[in-house]
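1. got a sequence here, can you model it:
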Amino acid sequence: MNRMKYFIVFTVIISIFIAGCSKEIGAEEQLIKVQKRMGDENVYEDFKVIKKNEQVQKVREIVDHIDWTNAQVSMVRPADYRFAFQSKKPGTEGKVVLYELWISPNKDRVELVLDAEGKYVQLNKKKSAELFESLTDGELGRLSEKAG
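-> Next up is the predicted model:
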């Protein structure tokens with residue numbers, strides 16, 4: 001009977017350890033690839049890869065809670081930034097989602113387009129600043145005239 005108790009406790013401890021490790025491995029695999037437009041053309045270069053789980057989760061939380069508008073939009077210039085990560089929405093797990101980001105002329109808001117899904121949104125100033133800082137480590141209101 002004593003051995004059975006030890007066996008059960010040992011099995012539970014190992015199960016908890018394995019479950020904890022698998023969550024850490026999954027968290028490490030999450031990343032966001034950010035690209036920045038170069039010049040006035042539709043040419044992008046890799047800007048940053050976000051691997052920190054806290055930053056990835058913050059961006060994911062912002063975009064997952066957006067009240068998107070269904071619209072096909074035609075912007076006057078190519079997006080200032082693009083970023084992509086794997087979707088976690090039911091039915092689309094593993095699919096890479098590409099977000100295009102424009103900085104408003106006043107440099108106080110961002111607009112996002114999910115072209116593949118025909119969705120558009122202009123974020124409020126607070127969410128714009130949070131998203132931009134999470135993606136670029138820069139402040140939205142402090143952009144030079146050349147940026148965007």
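2. which strand or helix spans the nearest residue to Gln30 once chain neighbours are set aside?
-> Nearest in space to Gln30, with sequence neighbours left out and distances taken as Cβ to Cβ, 6 or more residues apart in numbering, is Val56 at 4.7 Å. Every C-beta, even on glycine, is put in place using the N, C-alpha and C of the backbone. Element membership of Val56 [criterion: DSSP states H and E] is helix 53-64.
3. after that helix, which helix or strand is next?
-> Immediately after helix 53-64, counting by DSSP H and E, sits strand 69-70.
4. report the contact partners of the most centrally placed residue in the chain.
-> For the chain, the residue nearest the mean C-alpha position is Val59 (4.1 Å; Cα atoms, centre = their mean). By Cβ atoms under 8 Å, 6 or more residues apart in numbering, the residues touching Val59 are Ile32, Ile50, Phe83, Phe85, Leu131, Ser134, Leu135.
5. Ile103 versus that one, what's the distance?
-> 16 Å (Cβ to Cβ, to the nearest Å).
6. likewise Arg60?
-> Counting by Cβ to Cβ, the gap from Arg60 to Ile103 is 21 Å.
7. again with Arg77
-> 10 Å.
8. domains in the protein, as residue ranges please.
-> Following automatic domain parsing, one finds the domains of the chain at 1-30, 31-141.
9. list the residues that contact Gln122.
-> Gln122 makes contact with Ser104, Arg109, Val110, Glu111, Leu112, according to Cβ under 8 Å, 6+ apart.
10. bridging residues for the last one?
-> Leu112 forms beta bridges with Leu101, Val121, as assigned by DSSP bridges.
11. list the contacts of it.
-> Neighbour list for Leu112: Val63, Ile66, Tyr99, Glu100, Leu101, Trp102, Tyr120, Val121, Gln122, Leu123 [criterion: Cβ under 8 Å, 6+ apart].
12. for stretch 100-116, what is the average pLDDT?
-> Mean per-residue pLDDT for stretch 100-116: 94.
13. would you mark the buried spots in that stretch?
-> When neighbours are counted by 16 or more other Cβ atoms under 10 Å, the buried residues of stretch 100-116 are found to be Glu100, Leu101, Trp102, Ile103, Lys107, Arg109, Val110, Glu111, Leu112, Val113, Leu114.
14. for stretch 119-135, same thing?
-> Buried residues in stretch 119-135 (16+ other Cβ under 10 Å): Lys119, Tyr120, Val121, Leu123, Lys127, Ser128, Ala129, Glu130, Leu131, Phe132, Ser134, Leu135.
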